[in-house]
Each structure stands twice: as structure tokens, then as C-alpha cells.
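Asker: just coords:
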């Protein structure tokens, strides 16, 4: 087993499909795809690719730490009580445990992610 893992931003296997949970949906009809590409530490660390179509949802991280690198698209994140921040393809950011805010996908977004719970 190799300890080096390349994350493919355009995976060829079928993703997991889902839509926004009704209690988190704010606007639009966003659809989500997730291509999980690696897991470690008994499922506590996950890496892969996520894609979302335009829409707006409540984002609640709970105890999860998430690093994101946008491959495509434009989003606006608004942390509760803070000003909105726009991220575009090529940008990277971290949402720390306890983050609560709004995730607005402006243009279909694809990101590489690493989550740690």
C-alpha cells in the first residue's frame, strides 16, 4: 500500500449523487456529486472531489475541519455574523470546526477536499 495518493480532479468513476437536505436549503435546487478517493484513520480523514450546481444552503461544519481547493466555479461563503467572501477556481480555504454560515454556489463548483473529524 502506497502512502502517496494522487487526487484526480476529474475522476472517471461514478460519483455519489445527492441533493440539499430540506432543512439546509435556502434557495435554488442544488445537486451534489462526491467522488471519495481516499479515506484514512478509520474514516476520520477523507479526501476527494465534490461538485455542486448553483443554489444556496446552510453550511454547518460541527466538529469537522475541511480544507478546500476550487478547481472550477465561483462560490460565496458568508460566515454567520461576517461579511461574504467570494472564492473562484484556483482559490483554497479552510472551514474550521464550529463554522456556521451560508454556502452560495454562483457557478457550478468543483473542489478537491480533505475533511478531518
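Answerer: Yep, it's here. It should be emphasised that the depicted structure is a prediction, and the values quoted were computed from it without experimental measurement.
Asker: which residues does residue 97 contact?
Answerer: Listed by Cβ atoms under 8 Å, 6 or more residues apart in numbering, the contact partners of residue 97 are 61-65. C-beta coordinates here come from the backbone N, C-alpha and C atoms, glycine included.
Asker: in strands, which of the residues you listed appear?
Answerer: Those of these mapping onto strands are residue 65, per DSSP state E.
Asker: show me which pair in the contacts of residue 97 is furthest apart.
Answerer: In these, two members sit farther apart than any others by Cβ to Cβ. They are 62 and 65, at 10.2 Å.
Asker: with neighbour numbers in mind, choose between those two.
Answerer: A count of neighbours by other Cβ atoms under 10 Å puts residue 65 above the other of residue 62 and residue 65, at 16 against 9.
Asker: now do the host helix or strand of residue 74: distance to the chain's middle.
Answerer: Using DSSP states H and E, the secondary-structure element containing residue 74 is strand 65-79. Centre-to-centre, strand 65-79 and its host chain are 6 Å apart (Cα atoms, centre = their mean, to the nearest Å).
Asker: give the partner strands of the next helix or strand after that strand in its sheet and their orientations.
Answerer: Later in the chain than strand 65-79, the nearest helix or strand by DSSP H and E is strand 85-88. Strand 85-88 pairs in its sheet with strand 65-79 (antiparallel), by DSSP bridges.
Asker: list the buried residues for the strand it pairs with?
Answerer: The neighbour-count criterion (16 or more other Cβ atoms under 10 Å) identifies 65-66, 68-71, 73-75, 77 as the buried residues of strand 65-79.
Asker: what is the most widely separated pair among those?
Answerer: 65 and 74 (23.5 Å).
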